[in-house]
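J.: here is a sequence with its predicted model. Questions after.
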Amino acid sequence: MKKVLSLLLLAVLLLSCLPMAGLADTAAAPEDFTFDTVTGKFTFNAVDKNIGYYFVRVYSASSGVEASEYTVSSKRLNGGKTGEIKGPVKLDDIGWGPYHVKLVANAAAGTGIDSPAPVVLNAFYGVGGTLERPEAMAFYGKNRVQIILDWWTLCDYLGLNYMPYVKITFWADAECTQEVFSDTIDTYALLSTLGMNPPGIEYIWGYSQIEGTGWMYKTNKKEGEEETQEEAAPGPGPMFGGSGTTMAFTNGIYTYYTSDTLPAGTYYVTVQALSKDEQILDSKVSSAMEIVLTDEEAAPDFSDAYSVAKTELWKDPQQMDMPGANPFQVPERVDLYSNQETASTIE
């Protein structure tokens, strides 16, 4: 009996040393991965010849959520060997904010071996940078005001791949010391509304040339034209130049009415960009737009007369065959993107 038990125990031990059917081994992950956040150069040590190829890819990780598509990638790096492997990643499309730098190792086909989990470094771009000061325009009449974010401002944020919060504040005094009401919006939501003017010449944040969608506004007015409601009927804008087109903004526009928290009166309205990360600084506060609100109810179809106020550096969208804007085309903007100080990896 003892001999039989010994044989059974030996059989169990031998079986436990064999791989289970249907379960593959996992290749060893590369080691000593380093990445230079400024130059994009990287190095790592390959330790398993069963790896067929590698990629180093950088993913945006805004608000702690990794993007489904990488922002930049290295070329394919051949495996099948051990030792140091190095190369570069072009960082042209990297903006501000947090990123995941991932070393992806793929097991060679036909080996029956699983690929290891990616090696991930956390990086942050724009450390110490200050957000550009936003510009805006206000349409106001009776008990309604609409605040429109400047398209060039939005494009500059887009160019950095960093869409911040924007705080809209109503002040009771011209010195902007007595806050009456404020609202904070997330400009990231505007990305879902973004269009392009084919064939991809300029960015369009939303407009309409149909009356009733909002107060109509003539962009790029000629010198001496009034900054109030235009009587011109909406129609197609001029091709490649001209004094502008009559349009209504439809996105990046925020509407407020007189209420218990915002009673009728004279207000001074400012906008400020707020960072989503402690490594990036909030923008300066814009110049103030003076507006007047009453208790008289505005017409739902926007048929009322209205007035226009603008922050100091508001700029109308450019006119091609339709209105649009592009990143970094207005160099006089306050704290334009060029003040980025450092980029770093974060443990």
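T.: Cool, got the structure. Small disclaimer: the values here were computed from a predicted structure and weren't measured.

J.: stretch 82-93: end-to-end distance?
T.: Stretch 82-93 has an end-to-end distance of 31 Å (Cα to Cα, to the nearest Å).

J.: quick one: contacts of that stretch?
T.: With contact meaning Cβ atoms under 8 Å, 6 or more residues apart in numbering, stretch 82-93 is reached by 30, 35, 39-49, 54, 56-58, 71-75, 77, 161. Placement of C-beta: from N, CA and C, glycine included.

J.: ok, stretch 250-263 next?
T.: Contacts for stretch 250-263 (Cβ under 8 Å, 6+ apart): 143-149, 151, 154, 168, 170, 180-181, 183, 185, 187, 190, 193, 205-208, 213-214, 264, 293-295, 298.

J.: count the residues that sit near the nearest residue to A61 once chain neighbours are set aside.
T.: Among residues not flanking A61 along the chain, P98 sits closest, at 4.5 Å (Cβ to Cβ, 6 or more residues apart in numbering). A count of neighbours around P98, defined by other Cβ atoms under 10 Å, yields 22.

J.: I'd like the numbering to begin with 54 instead of 1 from here.
T.: With the count now opening at 54, the last piece we talked about shows up as P151.

J.: list the contacts of P151.
T.: 113-115, 117, 175-177, 330, 399.

J.: for ChimeraX, what selects the buried ones among those?
T.: Restricted to buried positions by 16 or more other Cβ atoms under 10 Å, the ChimeraX selection for these reads:
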select :113,114,115,176,177,330
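
J.: the contacts of P151 into CSV, with extra columns for pLDDT?
T.: Below are the contacts of P151 laid out as CSV (pLDDT from 0 to 100):
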residue, pLDDT
S113, 91
A114, 90
S115, 81
G117, 76
N175, 92
A176, 92
F177, 91
D330, 90
I399, 60
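
J.: out of the contacts of stretch 135-146, which are inside helices?
T.: The helices in this structure, assigned by DSSP state H, contain none of these.

J.: filter those residues down to the buried ones, ChimeraX style.
T.: Buried members of the contacts of stretch 135-146, defined by 16+ other Cβ under 10 Å, are picked up in ChimeraX with:
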select :83,88,93,95,97,99,101,107,109,110,111,124,125,127,130,214
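
J.: out of the contacts of stretch 135-146, which are inside strands?
T.: Counted as lying in strands by DSSP state E, out of the contacts of stretch 135-146, are 88, 94-99, 107, 109-111, 125-126, 130.

J.: which members of the residues you listed are the farthest-apart pair?
T.: Farthest-apart pair in the ones in strands among the contacts of stretch 135-146 is N98 and V125; separation 22.6 Å (Cβ to Cβ).

J.: re the thing from before, quick one: which of the contacts of stretch 303-316 sit in helices?
T.: Going by DSSP H, the helices hold 204, 207 from the contacts of stretch 303-316.

J.: out of the contacts of stretch 303-316, which are buried?
T.: Buried among the contacts of stretch 303-316 (16+ other Cβ under 10 Å): 196-202, 204, 207, 221, 223, 233-234, 238, 240, 243, 258, 260, 266-267, 346, 351.

J.: narrow those to those in strands?
T.: Those of the buried ones among the contacts of stretch 303-316 lying in strands (DSSP E): 197-202, 221, 223, 233-234, 238, 260, 346.

J.: show the pLDDT at the nearest residue to L130 once chain neighbours are set aside.
T.: Distances taken as Cβ to Cβ, 6+ apart place Y107 nearest to L130, at 4.2 Å, with adjacent residues excluded. In this model, Y107 is scored at 97, pLDDT.

J.: can you list the weak-confidence ranges in the stretch 154-303 of the chain?
T.: Along the stretch 154-303 of the chain, the parts satisfying pLDDT under 70 run over 273-297.

J.: counting neighbours, what do you get for G163?
T.: G163, neighbours per other Cβ under 10 Å, totals 7.

J.: how about the contacts made by the residue nearest to L130?
T.: Y107 neighbours (Cβ under 8 Å, 6+ apart): 83, 97, 99, 129-130, 132, 138, 156-159.

J.: before we move on, back to that, from the ones in strands among the buried ones among the contacts of stretch 303-316, which two are the most distant?
T.: V233 and Y260 (29.9 Å).

J.: which ones are touching V172?
T.: Contacts of V172 by Cβ under 8 Å, 6+ apart are 82-83, 86, 97, 155-156, 158.

J.: same thing but 10 Å
T.: By Cβ atoms under 10 Å, 6 or more residues apart in numbering, the contact set of V172 is 82-86, 88, 97, 107, 109, 154-158.
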